[in-house]
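>>> predicted model and sequence follow; I will ask about them next.
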Amino acid sequence: MKARVFVTLKPSVFDPQGSTIAEALHSLGYEHVADVRQGKYFELDLQVGTRGEAERLAAEVADKVLANPTIESYRIELDDQPVKVAGAPR
Amino acid sequence: MTFGVVVFPGSNCDHDADHAARHVVGQNARFIWHKDASLGDVDAVILPGGFSHGDYLRTGAIARFSPVMRAVAAFAEAGGPVLGICNGFQVLLECGLLPGAMLRNRDVRFHCEFVTVKVERRDTPFTGRCAEDQVLHIPIAHGEGNYYAPPDVIDDLERNGRVVFRYVDAEGRPSAAGNPNGSVHNIAGICNASRNVVGLMPHPERACEALMGSEDGRVLFESVVDAVARQGTAGVLAR
């Protein structure tokens, strides 16, 4: 089963890379791109039998390794269905 | 005394720390491979700078799971002095021995330059020999040194005197001009609640001899030699 994990900086945390990208876009004339937040995207290939196990496993590795809860939040999709959002609301 | 210098794959200031310990302050030092489950007979531990595990995922994020980190946590818990320098500081943040996290530098550039940091606290094993409000001229070399912690954590650090080093300008003030990377409150280094675990982004081990452009970093090594001589590490070594 495939899980997709999206890790982003919490809204309260300044994103220097996102800001730099936004500035670059503005200088290219894309002034309608008001802001950019950069994140990380992981695809996990999970060898488990049920959606429940997949959700548990993906959440565990996201909590433990993929995201740093001090600065980042994440959301998980299983087969393109959202299953879990952790951290501050986006 | 004996310094233990932890070596992760990608550490690149391990030999600088070893050199400072052995040749600058004349003590013993030994390297500890990150896969070792025990620290052996050491009186202080240094997590050196570098790019452990290539900084993949996040700086220090993989290194925190190295077997040696359990031993480092036990050593810290028992009161042993632990110093995390640059990437070593990032590892201490990731493993939770110190609070907070590092963001990319405010200007998204890698900064390799001398900075001035004020020593705000002398009541740690690594700053006992500093003069009051001493300002150190030592280098930084990092892309992710923009210290961040939520407001309640920053309050706790400030209220309890856990900000040990702060970036300052030429006049010794913690101004925006003196802040090289955007760190909250110009924080360059902090300690844990029991004050024996210290992390800082600047590199004292790279500034211990006149040849290197500054000798200001030496005082951190001299301080811990003093601290160990005064208190010993009995009890820590029993583990």
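All right, it came through fine. Numbers count the residues shown, from 1 in each chain, chains lettered A, B, ... in the order given.

>>> what mean pLDDT does stretch A:83-90 have?
In this model, stretch A:83-90 has an average pLDDT of 69.

>>> same question for the helix or strand hosting B:Val219: list its buried residues.
Per DSSP states H and E, B:Val219 falls inside helix B:218-231. Counting neighbours by 16 or more other Cβ atoms under 10 Å in any protein chain shown, one finds that the buried residues in helix B:218-231 are B:Arg218, B:Val219, B:Leu220, B:Phe221, B:Glu222, B:Ser223, B:Val224, B:Val225, B:Ala227, B:Val228. In short, each C-beta sits where N, CA and C put it, glycine included.

>>> and if you look at stretch B:66-85?
For stretch B:66-85, burial by neighbour count (16+ other Cβ under 10 Å) applies to B:66, B:68-69, B:71-73, B:75-76, B:79-85.

>>> any bit of it sitting next to chain A?
No. On the criterion Cβ under 8 Å from any Cβ of the partner chain, stretch B:66-85 is out of touch with chain A, staying 13.3 Å away.

>>> which positions in chain B make contact with chain A?
Residues of chain B that fall close to chain A, judged by Cβ under 8 Å from any Cβ: B:57-58, B:61, B:65, B:93-94, B:99-101, B:103-108, B:146, B:148-150, B:182.

>>> give me the buried subset of those.
The buried subset of those - by 16+ other Cβ under 10 Å - is B:57-58, B:61, B:93-94, B:99-101, B:103-106, B:146, B:148-150, B:182.

>>> now do the helix or strand bottoming out on mean pLDDT in chain A: everything it contacts.
In chain A, no helix or strand scores lower on mean pLDDT, DSSP states H and E than strand A:81-86, which sits at a mean of 79. When contacts are defined by Cβ atoms under 8 Å, 6 or more residues apart in numbering or on different chains, strand A:81-86 is touched by residues A:51, A:55, A:58-59, A:62-63, A:67, A:69, A:73-77.

>>> any quick PyMOL command for the buried ones out of these?
Entered in PyMOL, the line below selects the buried ones among the contacts of strand A:81-86, by 16+ other Cβ under 10 Å:
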select buried, chain A and resi 55+58+59+62+67+73+74+75+76
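
>>> what would the contacts of strand A:81-86 look like in a markdown table with secondary structure and pLDDT?
Below are the contacts of strand A:81-86 laid out as a markdown table (DSSP: H, G, I helix; E, B strand; the rest coil; pLDDT from 0 to 100):
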| residue | secondary structure | pLDDT |
| --- | --- | --- |
| A:Arg51 | helix | 93 |
| A:Glu55 | helix | 94 |
| A:Ala58 | helix | 97 |
| A:Ala59 | helix | 96 |
| A:Ala62 | helix | 97 |
| A:Asp63 | helix | 96 |
| A:Ala67 | coil | 97 |
| A:Pro69 | coil | 95 |
| A:Ser73 | strand | 96 |
| A:Tyr74 | strand | 97 |
| A:Arg75 | strand | 95 |
| A:Ile76 | strand | 96 |
| A:Glu77 | strand | 95 |
